[in-house]
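Asker: I'll drop the sequence and a predicted model, then ask my questions.
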Amino acid sequence: MLDCQPVLSCLRCECSGHLRGGDTWFSHAPSPQIQPCLARLSACENDLFSAHLRISDNHKPARGYRSQQHRGECSEQIPDRLFHRESPTLSAKFTLYHYARRRQSMRLDRFLSGQTALSRRELTALIRSGAVTVNGASVRKPETPVTPETDRITLKGAQVEYEPFHYILMHKPCGILTAARDAKQQTVMDLLKPEDRLQKLAPVGRLDRDTSGLLLITDDGQLAHQVLSPKHHVTKYYAARLRDPFQKVYISQFYAGIMLREGDREEQALPAECVQLDERTALLAIQEGRYHQVRRMFAAAGNFVEDLLRLQIGGLFLPPDLPAGGTVRIFHKETASLWKKPDISEVKRFFIDNYSSYWIKDTI
């Protein structure tokens, strides 16, 4: 069992983005000898989390990194409650990042900026006017430190609930640009409710202008990276209405990896699953996010996509009762379904049961 006192002392010292403990330097991401302490020292959580650890899957081992056997022993000591049980592709470090961030103290104006659609300037004016209270006492200094998880904070008499990150599902309509902002064109962010237009929200990935369907919008940059990273193989499911009748040869072509033109050369796409829904409608499951990929795959097979709907990302599906342009908030625990991979037959049944009014007339 590790002695946790040296860990506490090293976490107290921040120097140029590093943590020093005795003769050992640790990178931003704590080495496995620190991780069990993060999980076990509930009595010292304030000290641990005040170090503002930035935990990343891509950190390089620092000096003091123990053997592979020791790393395995350490990982086994972290309680199961700190892992996503339904998402084995997520590392313990990713979960600990959320766990740590929830318990950091922060400036009052920064807290309010992350939970409301107001600008920092507007919030500063409101705080100085006495419109904000912390635990029942009026606070007029924007730099006042608060602990979001334990402090009760109100703005104009209404309590501000704390969420470390925000997750919004949108049914993106056709004709709208998928971008955080654009000076000339309407973007998906313009479709958000006024109270949902938080400062750091951004769409996860892109849906083409002429593609509709499920779009995830969040300020959780780490989760967005995990979803978009090819190494995590998050599956996206699309329903495509074709100009010409569906050919069964598409199934084997896509599964083998069809060749796509990339600039002046051709590259093979990753294997993709495809099933027929009706005479001119197909369901496709891909694990990449190439430019206009679904349309280009069918074009390479000799067909043309007239309409395209993204139905699911992993196990996170487009709510059947969500109209085009509509949004709905979800909780962080619901994002665990992103890492699932439903069988394409299940997605086919879901589409037929809930979205038959889109294109399907005679299902097979």
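Answerer: Now that the structure is in, tell me what you want to look at. Numbering: from 1, shown residues only.
Asker: Show me which parts of stretch 280-294 are buried, residue by residue.
Answerer: For stretch 280-294, the neighbour count (16 or more other CB atoms under 10 Å) marks 280-287, 293-294 as buried. Using the backbone N, CA and C atoms, a C-beta is placed for each residue, glycine as well.
Asker: Surely residue 127 forms part of a helix?
Answerer: Yes. Residue state for residue 127 (DSSP: H, G, I helix; E, B strand; the rest coil) corresponds to a helix.
Asker: Once you drop chain neighbours, what's closest to it?
Answerer: Nearest residue to residue 127, sequence neighbours excluded (CB to CB, 6 or more residues apart in numbering): residue 142, at 5.0 Å.
Asker: And for residue 268?
Answerer: Leaving aside its sequence neighbours, residue 268 sits nearest to residue 257 (CB to CB, 6+ apart; 4.5 Å).
Asker: before we move on, what about residue 262?
Answerer: Counting by CB to CB, 6+ apart, residue 262 lies nearest to residue 290, which is 7.9 Å off, once chain neighbours are set aside.
Asker: care to break the protein down by domain?
Answerer: For the chain, automatic domain parsing gives the domain ranges 5-101, 106-159, 167-354.
Asker: any idea which of the ones you listed scores lowest on pLDDT?
Answerer: For the domains of the chain, mean pLDDT drops lowest on domain 5-101, to a mean of 41.
Asker: circling back: could I get the contacting residues of the residue nearest to residue 262?
Answerer: Contact analysis of residue 290 by CB atoms under 8 Å, 6 or more residues apart in numbering lists 260, 262, 269, 296.
Asker: Show me just the buried residues among those residues.
Answerer: Using 16+ other CB under 10 Å as the burial test, the contacts of residue 290 include 260, 269, 296 as buried.
Asker: Redo the residues you listed as JSON lines? Include secondary structure.
Answerer: Converted to JSON lines, the buried ones among the contacts of residue 290 look like this (three-state DSSP):
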{"residue": "260", "secondary structure": "strand"}
{"residue": "269", "secondary structure": "coil"}
{"residue": "296", "secondary structure": "helix"}
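Asker: Now flag whichever of the residues you listed is closest to residue 310.
Answerer: Closest approach to residue 310 among the buried ones among the contacts of residue 290 (CB to CB): residue 296, at 15.6 Å.
Asker: Hmm, that closest one is touching residue 260, no?
Answerer: Yes. Counting by CB atoms under 8 Å, residue 296 does reach residue 260; the two are 5.4 Å apart.
Asker: What number of neighbouring residues does the closest residue in space to residue 331 that isn't next to it in sequence come out with?
Answerer: Among residues not flanking residue 331 along the chain, residue 167 sits closest, at 7.2 Å (CB to CB, 6+ apart). Counted with other CB atoms under 10 Å, the neighbours of residue 167 add up to 22.
Asker: Which of the buried residues of stretch 280-294 fall in strands?
Answerer: Per DSSP state E, strands hold the following members of the buried residues of stretch 280-294: 281-286.
Asker: farthest-separated two in the residues you listed?
Answerer: Farthest pair in these, by CB to CB: 281 and 286, 16.6 Å.
Asker: ranges for the helices of the protein?
Answerer: 5-11, 35-40, 45-49, 68-77, 92-101, 108-115, 120-128, 221-228, 249-256, 293-300, 344-354 (DSSP state H).
Asker: helices and strands around the longest one, which ones?
Answerer: Counting contacts by 3 or more CB pairs under 8 Å, 6 or more residues apart in numbering; DSSP states H and E, helix 344-354 packs against strand 236-242, strand 273-278, strand 281-286, strand 305-313.
Asker: so what strands line up beside the last one?
Answerer: For strand 305-313, the paired strands and their directions (DSSP bridges) read strand 211-218 (parallel), strand 236-242 (antiparallel), strand 316-317 (antiparallel).
Asker: Output those strands in CSV; the columns should cover distance to residue 184 and mean neighbour count.
Answerer: Output for the strands paired with strand 305-313, formatted as CSV (distance: least, CB to CB, whole Å; neighbours: other CB atoms under 10 Å):
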stretch, distance to residue 184, mean neighbour count
strand 211-218, 20, 23
strand 236-242, 28, 24
strand 316-317, 31, 19
